[in-house]
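K.L.:
Sequence first, predicted coordinates after that:
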2 protein chains.
Amino acid sequence: MKRISRGKNPTPDFALERFVPYRLSVLTNIVSRTIARLYGERFGLGIPEWRVMAVLGRFAPLSSTDVCTRTAMDKVRVSRAVERLRRAQLIEQATDPKDRRRSRLRLSTSGDRMHDAIVPMAQAAEALLLDGLSPAEKRTLDRLLTRLTERAMAIAPAALDPSGPDPGDA
Amino acid sequence: MKRISRGKNPTPDFALERFVPYRLSVLTNIVSRTIARLYGERFGLGIPEWRVMAVLGRFAPLSSTDVCTRTAMDKVRVSRAVERLRRAQLIEQATDPKDRRRSRLRLSTSGDRMHDAIVPMAQAAEALLLDGLSPAEKRTLDRLLTRLTERAMAIAPAALDPSGPDPGDA
DNA sequence: GGAAATTCGTTTCATTTGAAACTATTATTC
DNA sequence: GAATAATAGTTTCAAATGAAACGAATTTCC
């Protein structure tokens, strides 16, 4: 199993530029940064804020936990995004009377206006990205994203079992 | 162009959970975090460090700028990853005699050993992720990633032109 | 040959991030 | 019905991030 390490064959050919997780990361970073600029520069929103507004625009009222589920963000991020949106008067936050731990979040009138202004921009950006793909490729992309995400979620927990809790700090 | 905003039809149906940039982000985050655990917990490496090691394992010697290009990371991140790797004695850093601004980076012997230990793990994780896909789907995924990344890179600069520099602060 | 501009890589600084601890409220258990 | 556990959301703290400023080496231009 040993190989001549520094000599001819450096390693069983690992090509980072072909590695799917890496390529996903590069693609996502470019896309996210580009789109973030759309609502970032013009509306002063960050990615977490826009995501919260997006789900509230469709499913309000929601609790913070609901927003976590729908946006796939952790509760700290959601908490801070909600605070900023509340300060900017883009959402309204009430307490759920049935369970006073929970909040009921919804877009304010101006938040709704902003939401409606951003949506077409976001859709246009997405269309621009997918422009070169055939309809069949778009369908395949849709299916692949679904399947890969399901698979990744199924695998994720399995990655933290065998060796004990080693808080490696080197 | 105006619609009844709070009444029946809340908005021209924007579904975050179908939005490709969002889905890419969710998928990438799960995958990255899962894989980062592989070399994070066992070898004390972060994602930037592992990426630097990966490209050095294949293309050494490289300058920091070369590493930036090949890993798609900015120079600050690379600089810090390099410093940590140097401290951990996993890479060697020399000055390019032809241009003394540039550094010549390569894996050390122990870095090479670690690299060779991580590569199969990374490949296994990738294989696990792609397991459910048919060979045809894998080829399509490969092509889609290439095309979308090219397209995204082409679009990215275009996203910062029309309206002047408006430091919008909500 | 030397001033100005450019490039390489590091450092500074303000912001973002998330794990863990925390408060408040509700559900469960005995 | 009190003690215990669980859940919703916030705060704390240390680490990661990246834009901008920086020092050093090199190239460009006159």
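P.N.:
Right, received. Where do you want to start?
K.L.:
State the pLDDT value of residue A:127.
P.N.:
Residue-level confidence at residue A:127 comes out at 93, pLDDT.
K.L.:
what does the one 10 residues further on give?
P.N.:
pLDDT, residue A:137: 91.
K.L.:
Isn't it up against residue B:140?
P.N.:
Yes. Proximity of residue A:137 to residue B:140 meets the contact threshold set by Cβ atoms under 8 Å, at 7.4 Å. For the C-beta atoms, the positions are set from N, CA and C on the backbone; glycine is no exception.
K.L.:
is the lowest-mean-pLDDT helix or strand in chain A up against DNA strand C anywhere?
P.N.:
Every helix and strand of chain A was ranked by mean pLDDT, DSSP states H and E. The lowest is helix A:20-43, at a mean of 89. No. Applying Cβ under 7 Å from any atom of the strand, one finds helix A:20-43 out of contact with DNA strand C, separated by at least 9.6 Å.
K.L.:
got a list of contacts for the helix or strand residue A:124 falls within?
P.N.:
Per DSSP states H and E: residue A:124 is located in helix A:109-129. Outside of helix A:109-129, the residues within contact range by Cβ atoms under 8 Å, 6 or more residues apart in numbering or on different chains are A:31, A:34-35, A:38-39, A:43, A:45, A:50, A:53-54, A:56-57, A:85, A:89-91, A:107, B:3, B:5-6, B:11-12, B:14, B:19-21, B:148, B:151-152, B:155, B:159.
K.L.:
Drop anything exposed from the residues you listed.
P.N.:
The neighbour-count test (16 or more other Cβ atoms under 10 Å in any protein chain shown) marks A:31, A:34-35, A:38-39, A:43, A:45, A:50, A:53-54, A:56-57, A:85, A:90-91, A:107, B:11, B:14, B:19-21, B:148, B:151-152, B:155, B:159 as buried among the contacts of helix A:109-129.
K.L.:
now the closest residue to DNA strand C within chain A, what's its secondary structure?
P.N.:
Using Cβ to the nearest atom of the strand, residue A:100 is the residue of chain A that sits closest to DNA strand C, at 3.4 Å. Following DSSP: H, G, I helix; E, B strand; the rest coil, we place residue A:100 in the coil state.
K.L.:
To what extent is it buried, counted in neighbours?
P.N.:
8 (other Cβ atoms under 10 Å in any protein chain shown).
K.L.:
Inside helices: which ones of the contacts of helix A:109-129?
P.N.:
Among these, the residues falling in helices (DSSP state H) are A:31, A:34-35, A:38-39, A:43, A:50, A:53-54, A:56-57, A:85, B:20-21, B:148, B:151-152, B:155.
K.L.:
Isn't residue A:102 up against residue A:65?
P.N.:
Yes. Under the criterion of Cβ under 8 Å, residue A:102 makes contact with residue A:65 at 7.2 Å.
K.L.:
the more surrounded of the two?
P.N.:
Counting neighbours by other Cβ under 10 Å for residue A:102 and for residue A:65 shows that residue A:102 has the greater number, 16 against 13.
K.L.:
next one: phi and psi at the more buried one?
P.N.:
With angles defined as degrees, to the nearest 10, residue A:102 sits at phi -80, psi 150.
K.L.:
List the contacts of it.
P.N.:
By Cβ under 8 Å, 6+ apart, the neighbours of residue A:102 are A:63-65, A:95-96.
K.L.:
could you redo the last one with a cut-off of 6 Å?
P.N.:
The neighbours of residue A:102, taking Cβ atoms under 6 Å, 6 or more residues apart in numbering or on different chains as the test, are A:63, A:96.
K.L.:
now residue A:103
P.N.:
Going by Cβ under 6 Å, 6+ apart, residue A:103 touches A:63-64, A:93.
K.L.:
Now do residue A:169, the pLDDT please.
P.N.:
21.
K.L.:
Got phi/psi on residue A:94?
P.N.:
Backbone torsions for residue A:94, taken as degrees, to the nearest 10, come to phi -120, psi 170.
K.L.:
ok so, going back, filter the buried ones among the contacts of helix A:109-129 by proximity to DNA strand D?
P.N.:
Applying Cβ under 7 Å from any atom of the strand to the buried ones among the contacts of helix A:109-129, none is adjacent to DNA strand D.
K.L.:
about what we covered before: the helix holding residue A:124: which residues count as buried?
P.N.:
A:111-112, A:114-116, A:118-119, A:122, A:125-126, A:128-129.
K.L.:
Now tabulate the residues you listed in CSV and tack on distance to residue B:25.
P.N.:
Compiled in CSV, the buried residues of helix A:109-129 are given as follows (distance: Cβ to Cβ, whole Å):
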residue, distance to residue B:25
A:111, 22
A:112, 24
A:114, 21
A:115, 19
A:116, 23
A:118, 17
A:119, 18
A:122, 13
A:125, 14
A:126, 13
A:128, 17
A:129, 13
